[in-house]
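1. Sequence first, predicted model second:
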Amino acid sequence: MKLKLFGKIPLKTVKVSVVPDLKVIPGGQTIGVKLKSSGVLVVGHHLVAVAEDKKISPGEDAKIQLGDLIVKINGKPLKDISKVAELAAEAGENKKPLTLTLRRNNETIDLQIQPVYDIVDKAYRLGLYIRDSAAGVGTLTFYAPDQGVYGALGHVITDMDTQTPIAVGSGEIVHSNVTSISKSQNGEPGEKRAQFSKESKVLGNIEKNTPFGIFGKMDALPDHGLMKEPIPVAFAEEVKEGPAQIYTVLNGQKVEKFDIEVIHVAKQDYPATKGMVIKITDQKLLEKTGGIVQGMSGSPIIQNGKMIGAVTHVFVNDPTSGYGCFIEWMLQDAGIMLRNTTGELKAS
């Protein structure tokens, strides 16, 4: 039998999302975050008294900028902030400058700085305010038991002074206990007040700090969650305007479910943080918090039995509303969901 085709059959290219059978366990637990940077962050300049009527800042004179990350001194990796004073004293006494290796805007540069003697402090100073760690509270978004990883917060952790994203050196998340809530008001977001200590149970490590939160390894499902079994995830194109729920803690460590409304869904083919606009509709939550408060970021958003994203930001002038990010971008940063150049999704 012979077949002959006359002409050509037009083909239409269709973008298809290959959605794997991926399930995660929703979080909602309040967590303490302890993060150490992969170097020492410059957060300010200060003046050193070199005479009764003269003050200078060696750091400013050396063109060191706020947000610079000091990763080496004299060619040796800098892992302990306490070493800086010791090295400054040695260089000052020997009248030799220090060579600082800095990371600035994804570039590595070397600058020299000469420590000077502060006649008030009676010590050699660089004229820099520096920091190597950060701590705070947030909310666990998900735990992926098959991959042994978690995602939390839904937004990047930045230094409070420079607003520079913190480059992760090491860190951990721990159980945290909500003690009280400062209620949100128009123009003034509230916050969860929570406590954690050195003895708090470690839940996982911190390996990444990205625009979509913090991510790392987690060996077991944390306590106090609403669910013990995984649920499916929904991708951006599946999220609809309409009712949904968030899981979060208002008191102690008890995770509760609260009603919200997804009032706008953005079309996003590639990662962007403001995926949806949400509005709190649950009267109990509104009475207790006034809406979205600091520390609630990362609270998982569930719609039609699937996890669709996480709470990220509050509208300052309307704390009943805020932004959420799509869960697929968090899964991608966690390393368990990849989107290739054709837009197809696959599990890693």
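-> Received it, and whenever you're ready, just let me know what you need.
2. Show me which helix runs longest in this structure.
-> Selection of the longest helix in the chain by residue count, based on DSSP state H, yields helix 82-93.
3. So for the closest residue to residue 114 other than its chain neighbours, what's the pLDDT?
-> Computed as CB to CB, 6 or more residues apart in numbering, the closest residue to residue 114 that is not its neighbour in sequence is residue 97, at 4.5 Å. In this view, the C-beta of every residue, glycine as well, is placed from N, C-alpha and C. pLDDT recorded at residue 97 is 94.
4. picking that back up, the longest helix of the chain: how far from the chain's middle?
-> Put simply, helix 82-93 sits 33 Å off its chain's centre (CA atoms, centre = their mean, to the nearest Å).
5. Packing partners of it?
-> In terms of contacts (3 or more CB pairs under 8 Å, 6 or more residues apart in numbering; DSSP states H and E), helix 82-93 is packed against strand 69-73, strand 98-104, strand 123-125.
6. would you list those strands in CSV and tack on mean neighbour count and distance to residue 174?
-> CSV is the format used below for the helices and strands packed on helix 82-93 (neighbours: other CB atoms under 10 Å; distance: least, CB to CB, whole Å):
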stretch, mean neighbour count, distance to residue 174
strand 69-73, 20, 25
strand 98-104, 19, 28
strand 123-125, 20, 35
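7. Redo these as CSV? Include distance to residue 117.
-> Below are these laid out as CSV (distance: least, CB to CB, whole Å):
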stretch, distance to residue 117
strand 69-73, 19
strand 98-104, 15
strand 123-125, 6
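8. right, and the residue nearest to residue 114 touches residue 113 too?
-> Yes: using CB atoms under 8 Å, residue 97 is in contact with residue 113, at 6.0 Å.
9. Tell me which of the two has more neighbours.
-> Per other CB atoms under 10 Å, whichever of residue 97 and residue 113 has more neighbours is residue 113, with 21 against 16.
10. Please name the nearest non-neighbouring residue to the more buried one.
-> residue 62 (4.2 Å).
11. cool, and residue 257?
-> Closest residue to residue 257 apart from its sequence neighbours, by CB to CB, 6+ apart: residue 245 at 5.1 Å.
12. what residues are up against residue 123?
-> The contact partners of residue 123, taken as CB atoms under 8 Å, 6 or more residues apart in numbering, are 85, 89, 117.
13. again with residue 149
-> 143, 215, 216, 217, 218, 334, 335, 336.
14. Need the buried ones from the residues you listed selected in PyMOL.
-> Here is the PyMOL command that selects the buried residues among these (16 or more other CB atoms under 10 Å):
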select buried, resi 143+215+216+218+334+336
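15. From the contacts of residue 149, pick the one nearest residue 162.
-> Using CB to CB, residue 215 comes nearest to residue 162 of these, at 22.6 Å.
16. what packs against the helix or strand encompassing the closest one?
-> Assessed by DSSP states H and E, residue 215 sits inside strand 213-217. Where contact means 3+ CB pairs under 8 Å, 6+ apart, strand 213-217 is packed against strand 149-153, strand 168-175, strand 202-205, strand 208-210, helix 327-333.
17. what sits up against that strand?
-> For strand 213-217, the external contacting residues (CB under 8 Å, 6+ apart) are 33, 35, 138, 141, 148-157, 168, 171, 173, 204-208, 298, 310, 330, 333-335.
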